Structure formats: structure tokens, C-alpha cells
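Visitor: what follows is a predicted structure for the sequence shown.
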Amino acid sequence: MMKKVYIRTFGCQMNAHDSERVKDLLLNDGYCLSDEPEDADVLLFNTCSVRKNAEDRVFGVVNSLKRLRKKDPDVIFGIMGCMAEAHGRSIFERMGHVDFLCGPADLDKIPEIIEKIKKGQRGVVYCMDSRLRGNDKIPLFPEDRKIGKRVYVKIMEGCDNFCSYCVVPYVRGGERSRPSREILSEIKQLVDKEVKKITLLGQNVNSYGKGLKEDISFPELLRKIDITVKSNLVKSNQVRSGRLEIDFMTSHPKDASVDLFEAIAGLKSLSKQLHLPLQSGSNKILKRMNRGYTLEKYSKLVKDFRRIVKKGTITSDFIVGFPGETKKDFNDTLNTVKEIRFSGAYIFKYSSRPFTKASKFKDDVLTEEKERRHGLLLETQREISRNY
Ligand code: 5AD
Ligand code: SF4
């Protein structure tokens, strides 16, 4: 009988993409997918550590499935992704039925790990140790992968920015870019498969190219992608059957440039929507967050973007209740949101994360006050989004 695997994904698009990759590996290894945990022989959880409530959900869900192990002692439980890196072996103490941990950089090893467990090993750990951070390679998709109409293409991974609140550089390691020819060949395959939307993924797409042998910037990559899309649409006779749209995430304002906006404006395949997280409208808080820009620099970027990209829209992320955020700092954020008028924004309550610099700051905004600020900013943004 065919073995069944159940994969549940928490967190961001990068995790969604990583889960696709693991599904593909396991399908090639003779597994089939199961939608129900109760039916599966292997249960995998691709996890997120960016906020504590995301982690609490994983602990809740995985613990609630412990009964499946009691029913069948051969069922395998694996924790993949950021929580495996952030917590390491302590996960086994909190969830005794978990058999293995696998960090984001080792996902290509999952079939091998499952084999080890079937042979009787338990408590297997594949995570980056600090020596290896940043040196691991990005696993590739096989050519015959199954795809939907919207597809993610990883162009880089990891982050060197160390925003003071963010756990990502510690769990996903330093920035690594994929060579452009690999990306272009993946895009060419996807055009041939008639996908309608491609999202280029990276924690910090604007620093694409850093560390590569070739000398290439993110806007240059976009230009090459646009040419590849155009010529393959023509070759495969799809020009009249509708447009293929490319977008990307996430952009860091520190590295966004007029060159990028000109690429967005000038390239037909590119979406005119830009996600450019501001995080706070207070310069004092931006500095404490180690974001590397001021509100004035960000506002200038918005002005340039709107001048260059006609009908372009900007969305953002905000964190409220960051340590040391006073009512005045929060009001600066509120006023900035009203002034800039984003077409949409995600608003998060600050959550202290292990390893980060901000975890050493006093988390001094009370929960109720974080909730009040969150509700107020959310309502303000919703009103603006409705008017868009
Ligand atoms: N607390 C709250 N929000 C966070 N984000 C990242 N780290 C934290 C944290 N510790 C938010 C940021 C980022 C988005 C993906 O998640 O706004 O842009
Ligand atoms: Fe985290 Fe900042 Fe890197 Fe984004 S740019 S992943 S917020 S450290």
C-alpha cells in the first residue's frame, strides 16, 4: 500500500513554497498526499517563529494529534522550518511524540530522515549549526513538478539585516542568491506550463545578487525575467491567451531605489503593486528597530514610486507596541498611515523573539495597550483600504 503524508504549513509564502518542495520530494519518493492527519503515515508541520502566537498554534495543533501516535506507534511526526531552528531539541521535551526536527536549509533531506526513523532511530535533528549559517544551498525543484496557476519562485533566501525584533536571520541564516540562469530557466519552464502568476520570493529581494559570481542587481534580474517571459509567451503561442503577471516580496525600503521603480513601471510583465514594509512612523522606533532608514527617506521613496509608476499601489507592514513605543510614537505611525494612504497594510502586535536584540529591551507596552493601538491602526487602515 502507498504511504500517505500529511503536511500542514504555518507562516509566510516562503514556508508555503518550502512545503511544496517537500511535497514534491515525497511524491517522487512514492508517497501520496493525505488531507486528513488521521489517514497519514507521516505528519509534517512546517512551522513559523516570527511571532509567539504562531508558535503557540503549532504546539497546540501538534499536541492535539498525539492521540494518533497512541493509536499507531509507527506514525511519524516531524517538525520542519523555523521552529526547528529556533527551539532545537527542547521541542522533544514539549512534544514527546515528535520524531524529528528539520530546519529550512535541510528540507531536501526529509526523505532520508524519514528512512532513518523507519529503521528505528528517533529524535533525529537536521538543523544548521552556527558554523554553517549562510553556507547551505537552496534546494532545487525537479523539472516535472506539479504546479497550479500561481507559482512561487525563490530568488534568494535568508537575511543579513538583523532588524532588532526579527528572528529570521537566526533561523534562516544569511542571504544567499540563486544564480540568474537557474531562475530564468525555472521561469521559462513555468511560462511553457501556462502559469498566470509568478511571485518571486526572498526575505529581502532588493539585495538579490549579493555574493554571486555574476554582477547582477535585482532590477537587472527583473529586466532579464521580463525578456524571458516575453520571448517564451511568443514561442509558445500564448500572447493572445492572457497575460502572465510577475510580482515579488519582500522589499526592504533601505535598498529600494528609483532603478527598481523604473523597472516596475517599464516592464510589461511586472505587477504595479509594491509591498514595502515601513514598520513604524516614528524615527526613534525605526532606529531602535535597526531598520536603516528614516520616515523622511521612506516618504521620498513613496513619492518617487507614485511619480514613476502610474497607477502603482503600495502596501506595508507595521508593528505596534515595540519596546519603548510611547503614545506619541504610536500617533506618529497613525498619522503616517493617514498621510501616505497605503492601499493595504498588515498590522502586528510586537512579540518578543529569542536571539533578537529587542528581546533584551523591556517589553514595556502593556498587552491591553498593544491591543488598543492594534485595533486603532487596523480600523484606520481598513477605512483607507475601503476607499481604494
Ligand atoms: N513581532 C511582531 N511582528 C513581527 N514581524 C516580524 N517580527 C515580528 C515580531 N517579533 C512582522 C513585521 C514583518 C512581518 C513579516 O512580520 O512587520 O514585516
Ligand atoms: Fe526580518 Fe528585517 Fe530581515 Fe525582514 S529585513 S526578514 S524584518 S531581519
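Guide: Structure received. This is a predicted model, so every value here is computed, not measured. Numbering: from 1, shown residues only. Ligands and ions are numbered 1, 2, ... in the order given.

Visitor: the lengthiest strand in the chain close to ligand 2?
Guide: Longest strand in the chain by number of residues (criterion: DSSP state E): strand 313-320. No - using CB under 6 Å from any ligand atom, strand 313-320 never reaches ligand 2; the gap is at least 8.2 Å. Placement of C-beta: from N, CA and C, glycine included.

Visitor: in the protein, where is pLDDT below threshold?
Guide: 129-146, 237-242 (pLDDT under 70).

Visitor: again, 80 this time
Guide: Within the chain, the segments meeting pLDDT under 80 span 1, 128-150, 234-243.

Visitor: mind checking the SS state of L101?
Guide: Of the three states, L101 takes strand under DSSP: H, G, I helix; E, B strand; the rest coil.

Visitor: pretty sure it sits against I91.
Guide: Yes - with contact defined as CB atoms under 8 Å, L101 counts as touching I91 (6.0 Å).

Visitor: pull up the overlap in contacts between the two.
Guide: Here L101 and I91 have I79, A84 as joint contacts, going by CB atoms under 8 Å, 6 or more residues apart in numbering.

Visitor: so for these two, which residue has more residues nearby?
Guide: A count of neighbours by other CB atoms under 10 Å puts L101 above the other of L101 and I91, at 25 against 22.

Visitor: what residues does the protein put near ligand 1?
Guide: V50, R51, Y165, C166, P277, Q279, D317, I319, F348, Y350, S351, R353.

Visitor: 5 Å instead?
Guide: Within the chain, the positions adjacent to ligand 1 are V50, R51, Y165, C166, P277, D317, I319, F348, Y350, S351, R353 by CB under 5 Å from any ligand atom.

Visitor: which ones are touching the fourth one?
Guide: So that's C166. V50, C159, R353, T356.

Visitor: assumed it was part of a helix.
Guide: No - per three-state DSSP, C166 lies outside any helix segment and is coil.

Visitor: who's the closest spatial neighbour of whatever residue of the stretch 51-200 of the chain ends up closest to ligand 1, skipping the chain neighbours?
Guide: Closest contact between the stretch 51-200 of the chain and ligand 1, by CB to the nearest ligand atom, is at Y165 (4.1 Å). Spatially, and ignoring its direct neighbours in sequence, Y165 is nearest to A358 (4.5 Å; CB to CB, 6 or more residues apart in numbering).

Visitor: count of neighbours near L233?
Guide: 20.

Visitor: and it, helix, strand or coil?
Guide: helix.

Visitor: tell me if I'm right that H275 and S251 touch.
Guide: Yes - if you go by CB under 8 Å, H275 and S251 touch, sitting 6.4 Å apart.

Visitor: follow-up on the earlier one: which among the residues of the chain next to ligand 1 end up buried?
Guide: V50, R51, Y165, C166, P277, I319, F348, Y350, S351, R353 (16 or more other CB atoms under 10 Å).

Visitor: check contacts around the closest residue to ligand 2 within the stretch 251-388 of the chain.
Guide: Proximity of the stretch 251-388 of the chain to ligand 2 (CB to the nearest ligand atom) peaks at H252, 5.1 Å away. If a contact means CB under 8 Å, 6+ apart, then H252 has N161, N204, N206, S207, P277, G292 as its contacts.

Visitor: N46 looks like it's in a helix, true?
Guide: No - counting by three-state DSSP, N46 falls outside a helix, being strand.

Visitor: quickly list what it is bridged to.
Guide: T9, M80 (DSSP bridges).

Visitor: neighbours around it, how many?
Guide: N46 has 27 nearby residues by other CB under 10 Å.

Visitor: equivalent analysis for G148, please.
Guide: 10.
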